[in-house]
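K.L.:
pasting the sequence and the predicted coordinates here, then a few questions.
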Amino acid sequence: MSDQQAIKHFVVEDLGCQCPDEVFEKIVVESGRPPISGVAIDHRINIGDRLLVYLVDGRQLHAPAPQLAALVAAGLQDRDQHRFNRFRLVVVTTEAVRDEGTLRPLFEQLAGRDERTHLHTVTPAQVAALSR
């Protein structure tokens, strides 16, 4: 994952980010971070030191409630510690609509009314351009 234009397209078009263009001048992608509650963060994406994105493979969510809780807690800590404006947890799954319905209520219990924290479920096709 290295094409900054593909990342920008994904974040703007698929995740609905409305960040100004200058935010996308700095994009840092990290892989290989330690798993959180048995879930590997496939990619940690820093966009302009303002937006933090965790990209995870939904097939790892065998116990969604505790695993999602751990991912949200880690993301919030990371966001706050590094002074990002927003955190987006992106779950890649072949059943994005179904899994959104399952994960959304859990996420809302965990994140509460934090308007700076978002959950997205996307399909592998939506992130395919990021792997080139």
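P.N.:
It's in. Numbering: from 1, shown residues only.
K.L.:
drop to CA atoms for contacts and neighbour counts, all remaining ones
P.N.:
Will do.
K.L.:
V53: what secondary structure?
P.N.:
strand (DSSP: H, G, I helix; E, B strand; the rest coil).
K.L.:
tell me where the longest helix sits in the protein.
P.N.:
helix 64-81 (DSSP state H).
K.L.:
so where do the helices sit in the chain?
P.N.:
4-9, 64-81, 96-111, 124-127.
K.L.:
what's the closest of those helices to I45?
P.N.:
helix 4-9 (9.0 Å; CA to CA).
K.L.:
how far does the closest one sit from its chain's centre?
P.N.:
Computed by CA atoms, centre = their mean, to the nearest Å, the chain-centroid distance of helix 4-9 equals 15 Å.
K.L.:
what comes up buried for that helix?
P.N.:
Across helix 4-9, burial judged by 16 or more other CA atoms under 10 Å covers 4, 6-8.
K.L.:
worst-scoring helix or strand of this structure, pLDDT-wise?
P.N.:
Across the helices and strands of the chain, mean confidence by mean pLDDT, DSSP states H and E is lowest for helix 96-111: a mean of 87.
K.L.:
elements contacting that one?
P.N.:
On a contact count with 3 or more CA pairs under 8 Å, 6 or more residues apart in numbering; DSSP states H and E, helix 96-111 meets helix 64-81, strand 117-122.
K.L.:
most tightly surrounded among those?
P.N.:
Scoring the helices and strands packed on helix 96-111 by mean neighbour count under mean count of other CA atoms under 10 Å gives strand 117-122 as the most buried, with a mean of 21.
K.L.:
contact partners for the residue lying farthest from the centre of the chain?
P.N.:
The outermost residue of the chain relative to its centre, with distances by CA atoms, centre = their mean, is E22 at 20.5 Å. Applying CA atoms under 8 Å, 6 or more residues apart in numbering to E22 gives the contacts G48.
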